[in-house]
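**Q** curious how this folds, go ahead:
(one chain, ligands or ions: 2)
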Amino acid sequence: MTRTTIAEIRGRRVWDSRGRPTVEAEIRLEGGAIGRAIAPAGASTGSGEALDRRDGGTGFGGHDVRGAVDAVNGEIARALAGFDASDQAGLDQALIGLDGTANKARLGGNATIAVSMATAHAAAAAAGLPLWRHLGGDDAVLLPLPEIQIFGGGAHAGRRLDLQDFMVICPGAGSFAEALDWTAEVYRAAGSLMAESGKLCGVADEGGFWPAFADSAEALDMLVRAIETAGRRPGDEVAIALDVAASEFGRDGRYRFEGRERDTGEMVELVAGWTRRWPILSVEDPVAEDDAAGFRAITAAIGDRVQIVGDDFLVTDAARVREAAATRACTTVLIKPNQRGTLTETRAAWDAAKAVGLTGIVSARSGESEDTTIVDLVVGWGVGQLKVGSFARSERMAKWNAALRIEEALGGRAIFAGRSTLRG
Ligand SMILES: C=C(OP(=O)(O)O)C(=O)O
Ligand SMILES: [Mg+2]
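**A** Ligands and ions are numbered 1, 2, ... in the order given. Below you'll find the model as predicted:
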């Protein structure tokens, strides 16, 4: 028995930012160190993701997690008692073996990711280090380019708009802190412009404004006006990033987008056309998860100057990342730990991306909490981009503020990823 031997694993039912129960895991080591983590939850999920275990029935619309919490307190706690928390890969392998399914359906991806992340926190605490430094050592110096939602649509905002995320990135900023300053100015400018024009409906799940726009074109025009009103140059200083989340409105090469039926070619031409008309540097899931041909077509058309991001398409899966690179289906992998259910598998997807020359974006989910583990991952693994959501919601700001603290802690050693992680 050593200081990093697991003495106790506890599961707890806590709440996420959508008012749904979620799983917290807490791990205490023999040496006294404690690690804690909370599972997030998606709304526009890919079909290849690890499955959250939800109870079904009537409680919270079938979204309760008592079974997953029981799995942490029962089967997982028994199996991992006495395990060494500093052996993350071994512990994650034990979780995978214990679950026994291809998608964590038995124990629940929400149970396994909470335990996996809590283990990492406990090991870092035992080493007396913040997790980002425990993961990356002296190489953990890269602060991410933040990708921050200004307008929300799709499954996160009553499907008022078909397109899910209208975000900004600040390739012209000189530091992470400056990128947040600029984005906050754009966010407030957008809010004022929307209030003036009577387009404001509220706040979407990820903190962006919930707009009453007629279509994406109106949102994109408004976003450019907000960037200008904030005193920034659209394009080189502040640019636009989109998550089309096309699996929400398309399959089998057929899309119903903004009131019209479209095929893959029309969808690709529409999105490519937007990137010629507005200063867009990143597009996530421009076509549906089952449309590899569409991904290849848009990457061939604009992938030299716009990053094409696979979320539902890649589901943080190392094998899918390698296949996407081999077929030139996208340029960038979105990295969401709960899409796989363990940190080791999440890390494998990022390692695969680096090996084949793809870039990465670590991402929160639309259902979040005060947990900031993804900030440790993006800095600790040196990924370079972080997508979290926006200013009106504190479960989002907990992450941005955590990154500010890391930038401050690194001082002169901090490197802001900025423009260097983008295409073109
Ligand atoms: C963060 C996203 O939303 P969700 O968590 O609902 O999948 C996304 O689609 O990138
Ligand atoms: Mg997405």
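
**Q** burial measure for G59, as a count.
**A** G59 sits with 13 neighbouring residues when counted by other Cβ atoms under 10 Å. Every residue, glycine included, has its C-beta placed from N, CA and C.

**Q** mind checking pLDDT for it?
**A** The score at G59 is 78. That number is its pLDDT.

**Q** G424 too?
**A** Here the pLDDT value assigned to G424 is 65.

**Q** with V356 instead?
**A** 97.

**Q** residues touching it, list them.
**A** V321, R322, A325, A326 (Cβ atoms under 8 Å, 6 or more residues apart in numbering).

**Q** secondary structure element for the second one, which one?
**A** Yep, that's R322 we're talking about. helix 318-326 (DSSP states H and E).

**Q** now that helix: average pLDDT?
**A** pLDDT averaged over helix 318-326 gives 98.

**Q** name the helices or strands packed onto the helix ranked longest in the chain?
**A** The single longest helix within the chain, with elements called by DSSP state H, is helix 176-197. If you count contacts as 3 or more Cβ pairs under 8 Å, 6 or more residues apart in numbering; DSSP states H and E, helix 176-197 packs onto strand 145-152, strand 165-169, strand 209-211, helix 216-229, helix 394-410.

**Q** which of the contacts of V356 sits closest to ligand 2?
**A** Closest to ligand 2 out of the contacts of V356 is V321 (15.5 Å), distances taken as Cβ to the ion.

**Q** just give the nearest non-adjacent residue to the closest one, would you?
**A** Closest residue in space to V321, ignoring its immediate chain neighbours: A352 at 4.4 Å, by Cβ to Cβ, 6 or more residues apart in numbering.

**Q** again, but for A403
**A** Once flanking residues are discounted, A403 sits nearest to V375: 5.1 Å by Cβ to Cβ, 6+ apart.

**Q** show the contacting residues for that neighbour.
**A** V375 is in contact with W132, L386, K399, A402, A403, I406, counting by Cβ under 8 Å, 6+ apart.

**Q** lowest average confidence across helices and strands of this protein, where is it?
**A** strand 200-203 (a mean of 85; mean pLDDT, DSSP states H and E).

**Q** list the buried residues for stretch 384-398?
**A** Buried residues in stretch 384-398, counting neighbours by 16 or more other Cβ atoms under 10 Å, are found at 384-393, 395-398.

**Q** which single one of those residues is nearest to ligand 1?
**A** Using Cβ to the nearest ligand atom, K387 is the member of the buried residues of stretch 384-398 that lies nearest ligand 1, at 6.8 Å.

**Q** per-residue pLDDT of the closest one, please?
**A** On the pLDDT scale, K387 is placed at 98.

**Q** one more: the one 3 residues further on?
**A** Per-residue confidence (pLDDT) for S390: 95.

**Q** where does it land in three-state SS?
**A** Per DSSP: H, G, I helix; E, B strand; the rest coil, the local secondary structure of S390 is coil.

**Q** that one touches I148, doesn't it?
**A** Yes - S390 lies in contact with I148 (Cβ atoms under 8 Å); the separation is 5.4 Å.

**Q** shared neighbours, these two?
**A** Taking Cβ under 8 Å, 6+ apart as the contact rule, S390 and I148 both touch Y187.

**Q** residue contacts, A155?
**A** A43, S44, Q164, A245, E248, S366.

**Q** secondary structure class of it, three-state.
**A** Look at A155: counting by three-state DSSP, its state is helix.

**Q** what about it, distance to ligand 1?
**A** A155 sits 6 Å away from ligand 1, going by Cβ to the nearest ligand atom, to the nearest Å.

**Q** likewise for G108?
**A** Distance of G108 to ligand 1, computed by Cβ to the nearest ligand atom: 17 Å.
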